[in-house]
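Chemist: Return a 3D structure for these sequence lines:
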Amino acid sequence: MKPPPRCRVSAVIFDVDGTLLDSEENYYLADKKLLERYGITFSKEDKERYIGGSNRDMMLDLKRRFALPESAEELGELKNMLYLEIAMTSTRVYPEMKRFLQLVREDGTPVAVASGSSPPVLERLLAAVDLEKELDVVVSAEEVSRGKPAPDIFLETARRLGVQPQECVVVEDSQYGVEAARRAFMRCIAVPYLVEKPLADSFIMADLLFEGGMREFSAEEAFSWVKGLALPD
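Modeler: Residues are numbered from 1 along each chain as shown. Modelled structure (predicted):
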């Protein structure tokens, strides 16, 4: 593992779906159920184009693509209802990622999440998996103008934490998330969710890449890397 150039590390920001939580499959099932109501078949390959983006942007695109009668906001509310019916009983925290989060917190570094999910979903899901008390700041893409790959959500998270963007490390599973982190001038640890297919070019922008995804991710290695970034006192 190549030592990274040193800098001040003031916060670590986690994506949620596919990074902290094993929830992407549940989101796919909710999307599938939503579109079945309109007689539309929605495959896992269809879902891949939206992984890492905001729920709001996805609903806008689905409304446009399929000429759906409801507004994007109404579609989003229905999807959230379908998702929570599934997720509240079947979502788990990735154990190794939770361990990494705990190592960061124990070291005294603030921790935040920046997610494409809506605020009500984030609130209920983080509480259900007992993570809400571990977090200093929670930001939804619906609270900023543009979703990932725009940097807005990470910049807003840094603002709420009261730290400089360049002092943040982001943990992401999607190409959009990696792009957003780099555009925010933040360091990025990438743990790809879709490892069965060739990785998108965006992943080469990550400062630390676990090419095998969660099965390769090591909390100790990631924490050691973050500690290696820090400037000496």
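Chemist: Can you give me the domain boundaries for this protein?
Modeler: Per automatic domain parsing, the domain ranges recorded for the chain read 11-22+91-229, 24-90.
Chemist: hey, which of these is tucked in deepest?
Modeler: By mean neighbour count, with neighbours taken as mean count of other Cβ atoms under 10 Å, domain 11-22+91-229 ranks first of these at a mean of 20. Yep, even glycine has a C-beta here, placed from its N, CA and C like the rest.
Chemist: For the nearest residue to Met186 once chain neighbours are set aside, grab phi and psi.
Modeler: Taking Cβ to Cβ, 6 or more residues apart in numbering, and ignoring the residues beside it in sequence, Met186 has Cys168 as its nearest neighbour in space, at 4.5 Å. Backbone geometry at Cys168, expressed as degrees, to the nearest 10, gives phi -110, psi 150.
Chemist: OK, contacts around Cys168?
Modeler: Applying Cβ atoms under 8 Å, 6 or more residues apart in numbering to Cys168 gives the contacts Val9, Ser10, Ala11, Val12, Ile13, Phe154, Thr157, Ala158, Leu161, Ala184, Met186, Arg187.
Chemist: rerun that using 7 Å as the cut-off
Modeler: By Cβ atoms under 7 Å, 6 or more residues apart in numbering, the contact list for Cys168 reads Ser10, Ala11, Ile13, Ala158, Met186.
Chemist: Specify the beta-bridge partners of it.
Modeler: Listed by DSSP bridges, the beta-bridge partners for Cys168 are Ala11.
Chemist: I'd like the distance between it and Gly212.
Modeler: Cys168 is 25 Å from Gly212, where distance means Cβ to Cβ, to the nearest Å.
Chemist: go on, Met205?
Modeler: According to Cβ to Cβ, Met205 stands 18 Å off from Gly212.
Chemist: before we move on, back to that, which stretch in the domains of the chain has the least confidence?
Modeler: Within those, the stretch with the lowest mean pLDDT is domain 24-90, showing a mean of 91.
Chemist: Relative to the whole chain's centre, how far out is it?
Modeler: The gap between where domain 24-90 is centred and where its chain is centred comes out at 17 Å by Cα atoms, centre = their mean, to the nearest Å.
Chemist: How far does that domain stretch from one end to the other?
Modeler: One end of domain 24-90 to the other measures 11 Å (Cα to Cα, to the nearest Å).
Chemist: With stretch 34-52 instead?
Modeler: Stretch 34-52 has its terminal residues 19 Å apart, counting by Cα to Cα.
Chemist: now do stretch 12-25
Modeler: For stretch 12-25, the first-to-last residue distance is 25 Å (Cα to Cα).
Chemist: So what touches that stretch?
Modeler: Applying Cβ under 7 Å, 6+ apart, the contact partners of stretch 12-25 are 27, 51, 87, 91-94, 97, 101, 104, 109, 111-117, 122, 129, 154, 157, 168-174, 177, 191, 193, 226.
Chemist: Just give the nearest non-adjacent residue to Glu73, would you?
Modeler: Here the residue nearest Glu73, using Cβ to Cβ, 6+ apart, is Met59, at 7.6 Å.
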